[in-house]
Structure formats: structure tokens, C-alpha cells
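Enquirer: Quick one, structure for this:
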Amino acid sequence: GVSPTQVYAFMLGQHGQHLVPIWSQIHVRGASMTKVSKNQQIAALRQNRPLSRFAQETETHKTNMLQLIQEDQIYEAYEYVQSLPPDLRAAIKPFFVHFTAGRTTEMATAHAVVDLLQAFLRGKHLVVPAQVLLEDDEYLEDLSGGVLGVPVVLSPNGWEQVYKIPLAPDERDALKSAQTAIAQSIQAFVEVPSE
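Expert: Got it, this is the predicted structure:
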């Protein structure tokens, strides 16, 4: 029974198929809990699902949701998305909104832009996830030298640095997989067929 506006959590990697929920860094504003209690609550939310299967789960649930939408069962599709664990719901809900011509995505984007502009105009620094080119050893040794969605510090001058957060081993592995997939996508896009 916690309001989503009180939960601070990162989804890193790449928007879409290579999204990585960073469970180890979830914080609930106003909640005081022991590390054991927090870990138990997170384990319950994760439902013993390994992070290594998150991309496959996302694709499966997105397909199921789209099937309901194609059958004009919009309410059932919405209920289906709402029934998912929070990480899958966060990954799939934007697709639901897109395919049902909802306005939530545009509103959320507009609110995010306003928040960013207010911070810039007031000279404040913000930490936000952004997909950036990582320099050597900038984030983690095994995640340097490629493009990846990571937390960055934004200022009125642009993004200044990567905001380093501790990662669980499964999160690091998932981010490395995301980075590899992003690199392959970029390589396929920039390769020019030889004549």
C-alpha cells in the first residue's frame, strides 16, 4: 500500500527490450525499514523471477497484451497489465498506452520535460537515467566504452557525469547484456554494404 509517487527506482539499460530494473536501489520515501525487511519485500515483488529472463518476460507479456488489444478487449488488456509485477508493468504500460491511443505517455513526457526545464532554469542538478556513451572506466570496468542507459547528473550545462550506484551481480550482468545488444544494433545501423 505505497503510492507510486513515493517510490524512487531506476530502470536502466535501454528503453524497450533491454530495460533493466535496478531492484537493489529501490527507495520508498517516508518508509523506514531494515535491510532485511526491504530485501523481503523486494523478493516478494520479484516473485522469485530471475533478472536474466526479464527481456523474455517483457516480450511475452507485451505480446499477450497486444493480442487482447487486437481482439478489442481494451479493458482486459489494461487489467492484464495492472496485474503484472511492478517491473513488468513499468516496462509494458507505455506500449499499452501507445496502442490504445491513450494520452498518458504524452502527459508523462510533458511533465518530465517541465521538471527538467525548471531544474535547469533554477540552476539545480538532477540525477536521471539517460542513454549515453560511456568513456573507459567511467561507470564500471565491464560496462565502459559503450552506449548504455545509466544515471547521469544533469545541470544547466548538460549532463556532467555518470552518477555511480552500486549494482547487484544480476543487475550488472543484465546491463552488460543490454550494452552488447545496443552495440550490435548500432553496428548494424552504421554498417554500409560494400559494393
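Enquirer: rest of the way, CA atoms for contacts and neighbours
Expert: OK.
Enquirer: pLDDT (mean, whole number) over stretch 85-93?
Expert: For stretch 85-93, mean pLDDT is 89.
Enquirer: Revised request: answer the last question for stretch 112-131.
Expert: 85.
Enquirer: Start and end of that stretch, how far apart?
Expert: The first and final residues of stretch 112-131 sit 16 Å from each other (Cα to Cα, to the nearest Å).
Enquirer: List the buried residues for that stretch?
Expert: Leu116, Ala119, Phe120, His125, Leu126, Val128, Pro129, Ala130, Gln131 (16 or more other Cα atoms under 10 Å).
Enquirer: how close does the last one get to Ala90?
Expert: Summarising the geometry, the distance separating Gln131 from Ala90, computed by Cα to Cα, is 18 Å.
Enquirer: And for the third one?
Expert: In this structure, Phe120 lies at 27 Å from Ala90, with Cα to Cα as the measure.
Enquirer: Same question for the first one.
Expert: Applying Cα to Cα, the value for Leu116 to Ala90 is 21 Å.
Enquirer: ok, now the fourth one?
Expert: As judged by Cα to Cα, His125 and Ala90 stand 25 Å apart.
Enquirer: could you say what helices and strands the longest helix along the chain packs with?
Expert: If you go by DSSP state H, the chain has its longest helix at helix 169-190. Here helix 169-190 touches strand 7-13, strand 19-28, strand 147-155, going by 3 or more Cα pairs under 8 Å, 6 or more residues apart in numbering; DSSP states H and E.
Enquirer: orientation of that helix relative to strand 19-28 in degrees?
Expert: Calculated by axes from the mean of the first three to the mean of the last three Cα atoms, to 10 degrees, helix 169-190 forms an angle of 140 degrees with strand 19-28.
Enquirer: helix/strand/coil for Gly16?
Expert: Assigned with DSSP: H, G, I helix; E, B strand; the rest coil, Gly16 falls in the coil class.
Enquirer: For it, list the residues it contacts.
Expert: Ala91 (Cα atoms under 8 Å, 6 or more residues apart in numbering).
Enquirer: again, but for Met11
Expert: If you count contacts by Cα under 8 Å, 6+ apart, then Met11 has Leu19, Val20, Pro21, Ile22, Pro129 around it.
Enquirer: Counting neighbours, which of those residues comes out on top?
Expert: Val20 (28 neighbours; other Cα atoms under 10 Å).
Enquirer: give the contact list for that one.
Expert: Contact analysis of Val20 by Cα under 8 Å, 6+ apart lists Met11, Leu12, Gly13, Gln14, Leu51, Phe54, Glu171, Ala174, Leu175, Ala178.
Enquirer: got JSON lines for these, with pLDDT too?
Expert: Listed next are these as JSON lines, based on pLDDT from 0 to 100:
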{"residue": "Met11", "pLDDT": "90"}
{"residue": "Leu12", "pLDDT": "91"}
{"residue": "Gly13", "pLDDT": "89"}
{"residue": "Gln14", "pLDDT": "86"}
{"residue": "Leu51", "pLDDT": "88"}
{"residue": "Phe54", "pLDDT": "91"}
{"residue": "Glu171", "pLDDT": "92"}
{"residue": "Ala174", "pLDDT": "91"}
{"residue": "Leu175", "pLDDT": "90"}
{"residue": "Ala178", "pLDDT": "88"}
